[in-house]
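Provided below for reference: sequence and predicted model.
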Amino acid sequence: MSGRGPIRQCAACRERAGRGELIRLVCAPSGAVVVDLRARLPGRGAWVHPRHSCLERLESKPGLLARALRTPVSAEGLERAVRDAIWAAVLDGLSLAAAAGGLIGGHDALRDALRSGTVVELISASDASERTLRSLLELGGTTHTPLPIDRASLGNRVGGGTRAALGILDVQASTHLRRQLQRLRQLG
Ligand SMILES: [Zn+2]
């Protein structure tokens, strides 16, 4: 796995990884843990893989997190909080990418883009049909992330009509979205 920037250690499994592969956590003055997805909040941070096994370990052994943050902290609901934060970032990423032309939707347009190889990732609505998805993925073998929202919500989010699937283009505007989708897949 290629990390970007400095190497950090996961507080749960102790593995070392690039900052981009881990999620930063900080402690609020109230003693609650805060998910610092952009890794910009001040203060001492702890790092964790955005995956079930690591998050569950920190929740069940809050001492690990307290040690990393050097302060007593409540890890209750940590996995839920990380999941919510990543999901909110995915939704932001969708809006950003859509506004900047980083997404392609619509039956014919998406098929053409898949055939031409300009689509680097595919996302789909929760109620997209198996058959539709299979036929799309056959056109261009690409990373696919199913999203927990339906066709109407997905279309709404990107300012279009109903969308069963969307292709992500390899442009700067979709970088944030792709990073959050990777985290979402890691989380499972
Ligand atoms: Zn870990």
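Great, that's in hand. Since the structure is predicted, the reported quantities are computational estimates derived from the model, not experimental observations.

what domains does the record give for this protein?
Per automatic domain parsing, the structural domains of the chain span 7-76, 86-187.

I'd like the average pLDDT over the longest one.
When the per-residue pLDDT values of domain 86-187 are averaged, the result is 93.

how close does R70 sit to the ion?
19 Å (CB to the ion, to the nearest Å). (Each C-beta comes from the backbone N, C-alpha and C, glycine too.)

I figured that residue hits R44, correct?
Yes: using CB atoms under 8 Å, R70 makes contact with R44 at a distance of 6.0 Å.

got JSON lines for the domains of the chain, with mean neighbour count too?
Output for the domains of the chain, formatted as JSON lines (neighbours: other CB atoms under 10 Å):
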{"stretch": "domain 7-76", "mean neighbour count": "17"}
{"stretch": "domain 86-187", "mean neighbour count": "17"}
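
How about the secondary structure of L58?
helix (DSSP: H, G, I helix; E, B strand; the rest coil).

Hmm, I typed the wrong one, I wanted A39.
The three-state label given to A39 by three-state DSSP is coil.

Contacts only, for it.
R19, R24, G45 (CB atoms under 8 Å, 6 or more residues apart in numbering).

out of these, which touch the ion?
When the contacts of A39 are filtered against the ion using CB under 5 Å from the ion, no residues are retained.

which ones among these are found in strands?
Among those, DSSP state E puts R24, G45 in strands.

Turn the contacts of A39 into TSV, columns for pLDDT.
Compiled in TSV, the contacts of A39 are given as follows (pLDDT from 0 to 100):
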residue	pLDDT
R19	87
R24	96
G45	94
